[in-house]
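Quick one, structure for this:
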Amino acid sequence: MLKQCLLRPQTVAFVINQTPLRSSHLARLGSTRRSLWRTFSSTNNNDDVNNDNKPRLSVAVVGAGPAGFYASKYLTSSVLKRIAQSTSSADNDAPPTPFAFSGIDIDLIERLPTPYGLVRYGVAPDHPEVKNVENDFAALFNKQGESQNSSINFYGNVDVGKQIPLSKLQSLYDVVILAYGCQAADKRLNIPGEDTLEGVLSAREFVAWYNGHPEFQHIGPIVERCLWKKKSNTTNDDDSTTETSISPARVVVIGQGNVALDVARVLAKGKPGLIDTDTPTSVLNVLKGGVSHVSVVGRRGHVQGAFTIKELRELTKLDKEGHNVSFVVRKEELEMGMTDASMEELKGPGGRPKSRIDKLLQDNALEEDAQSTDAEKSVEIRFLLNPTQLAPHESNVSKVGHVLCERTRLEGDPEKQRPVGTGEMEELPADLVLVSIGYRGMPLEGWIKRGPTGIIGTNIMDAKDTVKSVMNYLETSVPVVSVESQGRDGLNDHLDAHDVKAIDWNQFLRIVSAEIDTTRLRSKAQPREKILAVSEMLNAAQR
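I've put the predicted structure just below:
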């Protein structure tokens, strides 16, 4: 997710949606770093069309996830196109339009040794078609050398803010783009039991764990204790479980976005349904045959659900695809959510996707107490329930055991309906609670552009907006070159001076080679067995 773009000259800065930074930020940048930034002139030098005498644009992109790769791709193409226009004119009678730079050098800086961000550590492992975008990102490095006017380097294992200050990057580069995503700070329910009971996790933590993120491996033992009634990390109460045993645990997922549905599907599928994915073997050994019951709970009705029909349809097909999972939705809850305002929402400008979801749910809805299939596992979507308390388990007061919910009704105009409590309460058994209601960003400087919304492809438009802002600024304020920015050389000097061991692209490819080594794989179809520890990644990078 793109945050903002900071340009080196004077105190100009761009937020990704082209809204200027707050005046307090501008004042702070100007007072502390003005002396470090080159002077830009608005006067074009039409006599200088010889690119040999011009500097190369140096760019640092912080974050090697989708946003960072897309920004690098589109900024490179835009600059190269502009350089070509500066040396020749489509109109033979008109002189070429001058441009201040002769090339572009991008340094992609990532905190982890591995790139790809949420593609590697956030996309559900049973969605390999989405993960394939990694090939497009890698192509940026595979094309190295095709143009003398551009280059891109990868600096993995470099933590901006700790190992190199943001202010240092701004002093070294012409342009700094912040594309580092969310660094934590999940949104909170603010209800009793949220912070005191074991077995209450954010969906973000759970997703990072089952995708093999090296900083979330501590989540595994917690999940294992919740699903299999383990009393400690080493003692299992039931030694009879096998790799396909179905956990008797009940899981409640709070929130109804696509991440919530992904989490429910992964829990239901378990090892048999994920065996040929890149889910780490250690995760599959915890999930085993899947979980007996998963409830996905939301405060509003199905018309207001944040999930898309693709993810919903996947849940409805689990049993037909042989995963032994029934899909349950209650007819009475669909009816309660169909207020006059909800009907208007279905008829409105954005109503078509919602109408398709409504039809799919209605087709799968059951009357109260009806049985769907003989499947041993189930995923149930519950609407119009607002969690008010997380209560402890009867046999262990330190662990979560129930989610107390209040029935809600919808009030308000179309697109503005809000859930209002009715006083009717319902208690949902829960051995594990996963909260999937979004997150709050923790930016280096600035703030998140659009929050926890969108998909991988949404970053394309964010990147194009950012690139447009950068190019507009470069066109309107052409630099008078006195001293070329240090850029990559300056970064290398800083890392060497502070003994920071960055991982370059070739070293990352060694990590990839280790992960796809056939001796690590559990099946021929498994794409890779991810390395789960940074130390092991660094060792693999040096081989």
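
same for the helix or strand where residue 389 lies, what does it pack against?
Assigned by DSSP states H and E, residue 389 falls within strand 385-393. Packing partners of strand 385-393 (3 or more Cβ pairs under 8 Å, 6 or more residues apart in numbering; DSSP states H and E): strand 396-411, strand 418-429. Just so you know, the C-beta spots here come from the backbone N, C-alpha and C atoms, and that holds for glycine as well.

Just name the most buried of those.
strand 396-411 (a mean of 18; mean count of other Cβ atoms under 10 Å).

Check the average confidence over it, would you?
Mean pLDDT, strand 396-411: 97.

CA atoms only for that strand, dumped as PDB, please.
Written as PDB, here are the backbone C-alpha positions of strand 396-411 (Å, rounded to 0.1, in the frame of the first residue of the first chain):
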ATOM      1  CA  ASN A 396      -9.700 -22.600  32.100                       C
ATOM      2  CA  VAL A 397     -10.400 -19.000  33.000                       C
ATOM      3  CA  SER A 398      -7.200 -17.800  31.200                       C
ATOM      4  CA  LYS A 399      -8.500 -18.900  27.800                       C
ATOM      5  CA  VAL A 400     -11.400 -17.600  25.700                       C
ATOM      6  CA  GLY A 401     -14.500 -19.900  25.700                       C
ATOM      7  CA  HIS A 402     -17.400 -17.800  24.500                       C
ATOM      8  CA  VAL A 403     -18.300 -14.700  22.400                       C
ATOM      9  CA  LEU A 404     -21.300 -12.900  23.800                       C
ATOM     10  CA  CYS A 405     -23.200 -11.100  21.000                       C
ATOM     11  CA  GLU A 406     -26.100  -8.800  20.900                       C
ATOM     12  CA  ARG A 407     -28.700  -9.100  18.100                       C
ATOM     13  CA  THR A 408     -28.800  -5.900  16.000                       C
ATOM     14  CA  ARG A 409     -31.200  -4.300  13.600                       C
ATOM     15  CA  LEU A 410     -30.400  -1.900  10.800                       C
ATOM     16  CA  GLU A 411     -31.500   1.800  11.000                       C
END
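
Now do that strand and strand 418-429, the angle between them.
When axes from the mean of the first three to the mean of the last three Cα atoms, to 10 degrees is applied, the directions of strand 396-411 and strand 418-429 differ by 150 degrees.

Give me the angle between strand 396-411 and strand 385-393.
Using the same axes, to 10 degrees: strand 396-411 against strand 385-393 is 170 degrees.

looking at this, residue 137 is in a helix?
Yes: assessed by DSSP: H, G, I helix; E, B strand; the rest coil, residue 137 belongs to a helix.

Now it. Nearest residue, chain neighbours left out?
Excluding its sequence neighbours, the residue lying closest to residue 137 (Cβ to Cβ, 6 or more residues apart in numbering) is residue 69, at 4.2 Å.

how about low-confidence regions in the stretch 51-200 of the chain?
51-52, 89-94, 145, 182-184 (pLDDT under 70).

For it, just list every one of the helices.
66-87, 118-121, 128-131, 133-142, 166-172 (DSSP state H, counting those that start in this stretch).

and the fourth one, how far out from the chain's middle?
In other words, helix 133-142. Its chain's C-alpha centre lies 18 Å from the corresponding centre of helix 133-142 when counted by Cα atoms, centre = their mean, to the nearest Å.

Give me the buried positions along that helix.
Across helix 133-142, burial judged by 16 or more other Cβ atoms under 10 Å covers 133-134, 137-138, 140-141.

how about that helix as CSV, C-alpha atoms only?
The C-alpha trace of helix 133-142 is given here as CSV (Å, rounded to 0.1, in the frame of the first residue of the first chain):
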residue,chain,number,x,y,z
VAL,A,133,2.1,-11.8,-9.9
GLU,A,134,5.5,-12.4,-8.3
ASN,A,135,6.7,-13.4,-11.8
ASP,A,136,5.8,-10.0,-13.1
PHE,A,137,7.7,-8.3,-10.3
ALA,A,138,10.8,-10.4,-10.8
ALA,A,139,10.8,-9.4,-14.5
LEU,A,140,11.9,-5.9,-13.5
PHE,A,141,15.2,-7.5,-12.3
ASN,A,142,15.4,-10.0,-15.1
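
which other residues reach that helix?
66, 69, 72-73, 76, 115-116, 119-120, 152, 154, 456, 505 (Cβ atoms under 8 Å, 6 or more residues apart in numbering).

which of these are buried?
Among those, those scoring as buried are 66, 69, 72-73, 76, 115-116, 119-120, 152, 154, 456, 505 (criterion: 16+ other Cβ under 10 Å).

Residue 335 sits in which helix or strand?
Element membership of residue 335 [criterion: DSSP H and E] is helix 331-337.

I'd like the next helix or strand past that helix.
Helix 331-337 is succeeded, C-terminally, by helix 340-347 (DSSP H and E).

I'd like the next helix or strand past that following helix.
helix 351-364.

Name the surrounding residues that touch that following helix.
302-303, 305, 307-309, 312-313, 316, 327, 329, 331, 334, 345-346, 381.

And those, which two are furthest apart?
327 and 345 (23.5 Å; Cβ to Cβ).

Centre-most residue in the protein?
Residue closest to the mean C-alpha point of the chain, counted by Cα atoms, centre = their mean, is residue 118 at 4.1 Å.

Could you dump the helices of the stretch 51-200 of the chain into a markdown table and include distance to residue 531?
Converted to a markdown table, those look like this (distance: least, Cβ to Cβ, whole Å):
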| stretch | distance to residue 531 |
| --- | --- |
| helix 66-87 | 21 |
| helix 118-121 | 11 |
| helix 128-131 | 16 |
| helix 133-142 | 16 |
| helix 166-172 | 28 |
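
Among the contacts of helix 351-364, which lie within strands?
Judged by DSSP state E, these include 327, 329, 381 as members of strands.
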